[in-house]
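Novice: Pasted the sequence and its predicted model underneath.
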Amino acid sequence: ESNLKNQEKNITEEGEKEITVELRSEYRNLKLDSLKEIEKNLIRQKLYQIIEINLQAIVRKNNEASTSADDAVLYMSLIGAVTILITFSFILNFPGYIANPIRELTESIKEISKKNYSQRVHFKSNDEFGELASAFNKMAKKLDDYENSNLAQIIFQKKRIETIINRMHDPIIGLDENKNILFVNGAAIVILGILENEVIGKYAPDVALHNDLLRVLLNEIEDVKPLKIFAENKESYFIKETLRIFAEDKLIGQVIVLKNVTQFKELDAAKTNFIATISHELKTPIASIKMGLKLLEDNRVGTLNEEQKKLIDNIKEDSQRLLKITGELLDLTQVETGNIQLHYKPTSPKEVVDYAFQAMKFQAEQKNVSIIIEIENNLPNLNIDLEKTAWVMVNFISNAIRYSPENNKINIEVKRDSNNVVFSVKDYGKGIDIKYKNKIFDKFFKVPNGYSSSGTGLGLAISKDFIESQQGKIWVESEPDKGSEFKFSLQVL
Ligand code: ADP
C-alpha cells in the first residue's frame with residue numbers, strides 16, 4: 001500500500017499513469033480476494049511494466065546528459081582558447097601602455113634635474129597619463145620662467161657689483177680658493193701693468209712669474225710697511241690687505257685690496273718735516289737759555305739769594321728736559337725720514353754697557369738705585385753702531401730708574417743666546433700690564449695712569465727703530481707690581 005502510494009506520487013513518464021491506475025484496481029481486487037492467483041500475476045506484470053518504463057527513461061536521459069556534456073566541453077574549449085588569445089595580446093600590449101609614458105616621464109625628469117627647463121612630455125591620451133603630462137609641462141614652464149627671471153636678476157646684480165669694484169680707486173684683485181684670478185679692477189690693472197683678458201681665469205702664481213708686483217701681493221706675509229708703487233707717472237703708497245673669504249668654514253677665495261695711503265704718507269712727511277724744523281729751531285734758544293743760566297750762576301754777575309738759586313735750578317731742570325725732548329724729536333724725524341745714519345764698527349758688548357752706565361751713573365746715584373752689571377765672559381764682538389745701541393741701553397736704564405722706587409736696584413745682563421747677544425735691563429718697579437706690552441714701542445704712547453708725566457713716549461719707539469735698523473729684536477717681559485725686563489738682541493756675525 002505504502003509503495004503504491006509513493007508510486008502514485010512519482011509519475012514522471014508517459015503511459016506510467018495508466019499502468020499505475022490499472023495497478024491500483026488490480027491491487028484493490030487482490031485485497032478483496034487475496035487468494036486470486038491471476039490478480040497476483042497481473043500485479044507482477046504491471047510492476048514490471050512500470051520498472052521497464054522507468055529504466056527506459058533512465059537510459060534516454062543518460063544519453064541526453066552525455067550529449068549535453070560533450071557540447072559543454074566543446075564550448076568550454078572554444079571559450080578557453082579565445083580567453084587565452086585575449087590574455088596573450090593583453091600581456092604583450094599592456095606593459096608598453098603603462099611603461100612607455102613612465103619611461104618618457106623619467107627621461108624628462110632627468111632633463112629637468114639637469115636644469116633643461118625647456119623639456120616637455122607629449123602624452124596624447126585623455127586618461128590619467130594625459131593629466132600627468134599636462135601637470136608636468138606646467139611645472140616645467142614655471143621652472144623655466146623662474147630660472148629666466150632669476151638669471152636676469154643675478155646677472156644684473158653681478159654687473160652692479162662689478163661696476164662698483166671697477167669704479168673703486170683702490171686696486172682690488174679677487175682669487176678663488178685655488179688661487180685662480182677671478183677679477184681685477186681698473187685700478188689694479190693700471191698698477192700691475194697687465195691686460196684684464198690675459199689674466200682672468202689664470203693661476204695667479206703663474207702670472208706672478210712675469211709680474212714682480214703681483215708676486216709681492218701674493219706673498220702671504222702681511223707687510224705693515226706701505227708699498228711704494230710707481231704707476232701713471234707718479235709714486236704712490238699702498239697698504240696691502242688680504243681678506244680671506246669663508247663660506248660655512250670653507251675657504252672659497254681671497255680678495256687682495258691695496259689701500260692707497262699716498263695722501264696720509266704725504267701728510268706724515270709734512271708732519272715730520274714740521275717737527276724736524278721746530279725742534280731744530282728750538283735748540284738754539286734753549287742753548288742760549290742754558291748759557292744765560294750759567295752766566296747768572298757766576299758770582300761776577302752778582303750774588304743770588306737762596307730763593308733765586310732755587311728758581312734757577314728749576315729753570316735749568318726744565319730747559320734740560322726741553323733739550324732732551326727736542327733731541328728725541330730730532331732723532332725720531334731722522335728715523336722717519338729714513339735719514340738714520342748707522343756707523344757700523346766691531347764693538348764689544350761691554351763697551352755698550354760701559355758707555356750707557358757712565359751716562360746714567362749720576363742719575364742712579366741721585367735716586368740711590370744700585371746698578372748691578374753681569375756680562376758673560378768671552379762674548380764676541382758685534383758689528384754695530386755703538387752710539388745708537390748705547391742710546392737704547394741708556395733709554396732702558398733711564399726708564400728703569402724712573403719707574404723704580406728709591407733705594408732699589410737694577411740688573412744689567414749681557415748673555416749669548418745661540419747666534420745672538422742679548423742685552424737686558426731689569427727693574428723691580430711697577431711693571432707693565434700685558435695689554436700694553438707691544439703698544440709701549442709705539443710713538444707717543446705712555447701707559448695710562450703710569451707715574452711718568454715728564455716722558456714723551458718716544459724713547460722706546462726710537463729704541464725699536466735703532467735696534468731693528470741693525471737687524472736686531474727688541475721686547476719686554478714684565479709682570480705688574482713685580483718689575484719689568486727690557487731686552488734687545490743683536491746678531492753675531
Ligand atoms: P717715556 O719718555 O714716557 O718714558 P718711553 O717710550 O721710554 O717713553 O716709554 C713708554 C712708556 O712705557 C712709558 O711712558 C711708561 O709708561 C712705560 N715704561 C717704559 N719703561 C718702563 C719701566 N721700566 N717700567 C714701567 N713702565 C715703563
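Specialist: Received, thanks. On a predicted model such as this, the values are computed, not experimentally measured, just so you know. Residues are numbered from 1 along each chain as shown.
Novice: is it fair to say Phe488 lies in a strand?
Specialist: Yes. According to DSSP: H, G, I helix; E, B strand; the rest coil, Phe488 belongs to a strand.
Novice: how close does Val73 get to Lys345?
Specialist: Separation of Val73 from Lys345 (CB to CB, to the nearest Å): 134 Å. Bear in mind the C-beta positions are built from the backbone N, C-alpha and C, glycine included.
Novice: What of Leu151?
Specialist: The gap separating Leu151 from Lys345 is 72 Å, by CB to CB.
Novice: same deal with Thr333?
Specialist: Relative to Lys345, and taking CB to CB, Thr333 is found at 25 Å.
Novice: what's the helix or strand for whichever residue of the stretch 151-300 of the chain sits closest to the ligand?
Specialist: Relative to the ligand, the nearest point of the stretch 151-300 of the chain is Ser279 (15.3 Å; CB to the nearest ligand atom). Assigned by DSSP states H and E, Ser279 falls within helix 262-297.
Novice: Now the terminal residues of stretch 374-385, how far apart.
Specialist: For stretch 374-385, the first and last residues are 22 Å from each other (CA to CA, to the nearest Å).
Novice: Closest residue of the stretch 251-400 of the chain to the ligand?
Specialist: For the stretch 251-400 of the chain, CB to the nearest ligand atom, closest residue to the ligand: Asn399, 3.4 Å.
Novice: That residue contacts Phe486, correct?
Specialist: Yes. At 7.2 Å, Asn399 and Phe486 qualify as touching, with contact defined as CB atoms under 8 Å.
Novice: More neighbours: these two, which one.
Specialist: Between Asn399 and Phe486, counted using other CB atoms under 10 Å, the more crowded position is Phe486 (25 against 21).
Novice: Run through the residues that contact the nearest residue to that one once chain neighbours are set aside.
Specialist: Of all residues beyond its chain neighbours, the one nearest Phe486 is Phe396 (4.6 Å), with distances taken as CB to CB, 6 or more residues apart in numbering. For Phe396, the contact set (CB atoms under 8 Å, 6 or more residues apart in numbering) comprises Ala356, Val425, Ser463, Phe486.
Novice: Tell me how many other residues surround the residue of the stretch 151-300 of the chain closest to the ligand.
Specialist: Neighbour count of Ser279, defined by other CB under 10 Å: 20.
Novice: so what's it up against?
Specialist: Ser279 makes contact with Ile325, Thr326, Gly327, Leu329, Leu330, Thr333 under the criterion CB under 8 Å, 6+ apart.
Novice: contacts for stretch 102-109?
Specialist: By CB under 8 Å, 6+ apart, stretch 102-109 touches Gln119, Arg120, Val121, His122, Phe123, Leu132, Ala133, Phe136, Ala140.
Novice: quick one: the fourth one is in a strand?
Specialist: No. Counting by three-state DSSP, His122 falls outside a strand, being coil.
Novice: For it, which residues are in contact?
Specialist: With CB under 8 Å, 6+ apart, His122 has these contacts: Glu104, Ala133.
Novice: Flag every residue of this protein that's near the ligand.
Specialist: Within reach of the ligand by CB under 6 Å from any ligand atom, the chain has these residues: 395, 399-400, 403, 427, 429-430, 432, 440, 445-447, 450, 452, 455-461, 484.
Novice: Please enumerate the helices of the stretch 51-200 of the chain.
Specialist: 128-167, 186-192, 196-199 (DSSP state H, counting those that start in this stretch).
Novice: Please name every helix or strand in contact with the second one.
Specialist: What it means is helix 186-192. Counting contacts by 3 or more CB pairs under 8 Å, 6 or more residues apart in numbering; DSSP states H and E, helix 186-192 is packed against strand 172-176, helix 212-218, strand 227-231, strand 250-260.
Novice: Please repeat the previous calculation with a cut-off of 6 Å.
Specialist: Secondary-structure packing of helix 186-192 (3 or more CB pairs under 6 Å, 6 or more residues apart in numbering; DSSP states H and E): strand 227-231.
Novice: quick one: contacts of the strand it packs on?
Specialist: Val190, Ile191, Ser236, Tyr237, Phe238 (CB atoms under 6 Å, 6 or more residues apart in numbering).
Novice: Stretch 429-443 now?
Specialist: Stretch 429-443 is contacted from outside by 403-404, 445, 447, 460-461, 464, 476, 478-484, using CB under 6 Å, 6+ apart.
Novice: again, but for stretch 467-479
Specialist: Under the contact criterion CB under 6 Å, 6+ apart, stretch 467-479 has outside partners 340, 384, 392, 431-432, 437, 464, 484-491.
Novice: got it, and stretch 235-247?
Specialist: The contact list for stretch 235-247 (CB under 6 Å, 6+ apart) reads 226-229, 252-262, 265.
Novice: Mind telling me the two of these farthest from one another?
Specialist: Ile252 and Lys265 (33.7 Å; CB to CB).
Novice: More neighbours: which of these two?
Specialist: Counted by other CB under 10 Å, Ile252 and Lys265 do not tie: Lys265 has more neighbours, with 17 against 11.
Novice: Closest residue of the stretch 351-493 of the chain to the ligand?
Specialist: For the stretch 351-493 of the chain, CB to the nearest ligand atom, closest residue to the ligand: Gly455, 2.2 Å.
Novice: Quick check: which ranges of the chain have low pLDDT?
Specialist: 222-224, 450-454 (pLDDT under 70).
Novice: The same query, at a cut-off of 80, please.
Specialist: Within the chain, the stretches with pLDDT under 80 are 34-36, 94-98, 101, 123-127, 220-225, 231-233, 335-340, 449-456, 493.
Novice: Relative to the lengthiest strand in it, what are the paired strands and their orientations?
Specialist: In the chain, taking DSSP state E as the definition, the longest strand is strand 234-247. Its sheet considered, strand 234-247 pairs with strand 227-231 (antiparallel), strand 250-260 (antiparallel) by DSSP bridges.
Novice: just the CA coordinates of that strand, formatted as CSV?
Specialist: What follows is strand 234-247, C-alpha atoms only, in CSV (Å, rounded to 0.1, in the frame of the first residue of the first chain):
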residue,chain,number,x,y,z
LYS,A,234,103.7,109.2,-10.1
GLU,A,235,104.8,107.4,-6.9
SER,A,236,102.0,106.1,-4.7
TYR,A,237,102.0,104.3,-1.4
PHE,A,238,99.7,101.3,-0.8
ILE,A,239,98.9,99.1,2.2
LYS,A,240,98.1,95.6,1.3
GLU,A,241,95.2,93.9,2.9
THR,A,242,94.3,90.2,2.2
LEU,A,243,90.8,89.2,3.0
ARG,A,244,90.2,85.5,3.2
ILE,A,245,86.6,84.7,2.3
PHE,A,246,84.9,81.8,4.1
ALA,A,247,81.6,80.2,3.5
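Novice: Give the buried residues for that strand.
Specialist: Going by neighbour count (16 or more other CB atoms under 10 Å), the buried part of strand 234-247 is Ser236, Tyr237, Phe238, Ile239, Lys240, Thr242.
Novice: would you list those residues in JSON lines and tack on distance to Gln56?
Specialist: As requested, the buried residues of strand 234-247 are exported to JSON lines (distance: CB to CB, whole Å):
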{"residue": "Ser236", "distance to Gln56": "136"}
{"residue": "Tyr237", "distance to Gln56": "138"}
{"residue": "Phe238", "distance to Gln56": "132"}
{"residue": "Ile239", "distance to Gln56": "132"}
{"residue": "Lys240", "distance to Gln56": "128"}
{"residue": "Thr242", "distance to Gln56": "122"}
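Novice: what's the most distant pair in the residues you listed?
Specialist: Maximum distance among the buried residues of strand 234-247 (CB to CB): 19.0 Å, for Ser236 and Thr242.
Novice: how close does Lys31 sit to the ligand?
Specialist: Plainly put, Lys31 is 160 Å away from the ligand if you go by CB to the nearest ligand atom, to the nearest Å.
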